[in-house]
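Chemist: return a 3D structure for these sequence lines:
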Amino acid sequence: MKKILSFIISVLTIFTIAGCGKQAVNVSVSNIITDIKGVMAEDMKKGGVDEERFKDGKLPGYIEVDLTSEDNKFPAPIKINKDDIEEGYVLASMINVRSDEIIVLKAKDESKVADLKAKLEEEKQKQIKIWEQYLPDQYEKVKNNIIKTKGKYLIYITANNPEKIEEVFDKAFERK
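Modeler: Model (predicted):
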């Protein structure tokens, strides 16, 4: 009887520990983009952009493209297979004298992450070719680009303070 009771307790303990293990975090890409826009808006306001320009929740001078939507007003600067992603957004400068571009993706499954990361690497190489001959300061931004993955999530950051945006991305996955 003691052996059976010990066995049952052992099995329950194993399942309890396994149940408390690391679980996949489900984060909305839309929420990540909203948080990123908030940080960018703060920086823009510090730089002298008037508060009134942020009323509609959009960043002045930037396009925002939902990569899963058919109703976009702007074409996406990057071509991603919609079948590979659950969610995806691009924030990019409207003005062709700024290289700023932020892409946040959530792959449909882990098997798509490597292909999506390769697409982001291709985008970086494309941007390097554009900016290396055009504007040196923007070329430096592209060279300092950050591409990062966390599970099924990916981010591509070309911006003045890419580390600040990377921090927003990282914080999205912290358990509350």
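Chemist: which SS class is residue 78?
Modeler: coil (DSSP: H, G, I helix; E, B strand; the rest coil).
Chemist: my read: it touches residue 90, true?
Modeler: Yes: between residue 78 and residue 90 there is a contact at 6.5 Å, judged by CB atoms under 8 Å. For glycine as for every other residue, the C-beta is placed from the backbone atoms N, C-alpha and C.
Chemist: compare these two (neighbour count), which wins?
Modeler: A count of neighbours by other CB atoms under 10 Å puts residue 90 above the other of residue 78 and residue 90, at 24 against 20.
Chemist: buried residues of the helix or strand harbouring the more buried one, list them for me.
Modeler: Following DSSP states H and E, one finds residue 90 within strand 85-93. For strand 85-93, a neighbour-count test (16 or more other CB atoms under 10 Å) marks 85, 86, 87, 88, 89, 90, 91, 92, 93 as buried.
Chemist: got it, and stretch 155-171?
Modeler: Buried, per 16+ other CB under 10 Å, within stretch 155-171: 155, 156, 157, 158, 159, 162, 165, 166, 168, 169.
Chemist: run through the residues that contact the nearest residue to residue 67 once chain neighbours are set aside.
Modeler: Nearest non-adjacent residue to residue 67, counting by CB to CB, 6 or more residues apart in numbering: residue 88, 3.4 Å away. By CB atoms under 8 Å, 6 or more residues apart in numbering, the residues touching residue 88 are 29, 66, 67, 68, 80, 103, 104, 105, 106.
Chemist: please apply the same query to residue 149.
Modeler: Contact analysis of residue 149 by CB under 8 Å, 6+ apart lists 113, 117, 155.
Chemist: let me know the closest of these to residue 55.
Modeler: residue 155 (26.8 Å; CB to CB).
Chemist: what residues does the one helix or strand that closest one maps to touch?
Modeler: Assessed by DSSP H and E, residue 155 sits inside strand 153-158. Contacts to strand 153-158, defined as CB under 8 Å, 6+ apart, come from residues 27, 29, 32, 99-107, 113, 116-117, 120, 123-124, 127, 141-142, 144-149, 165-166, 169, 173.
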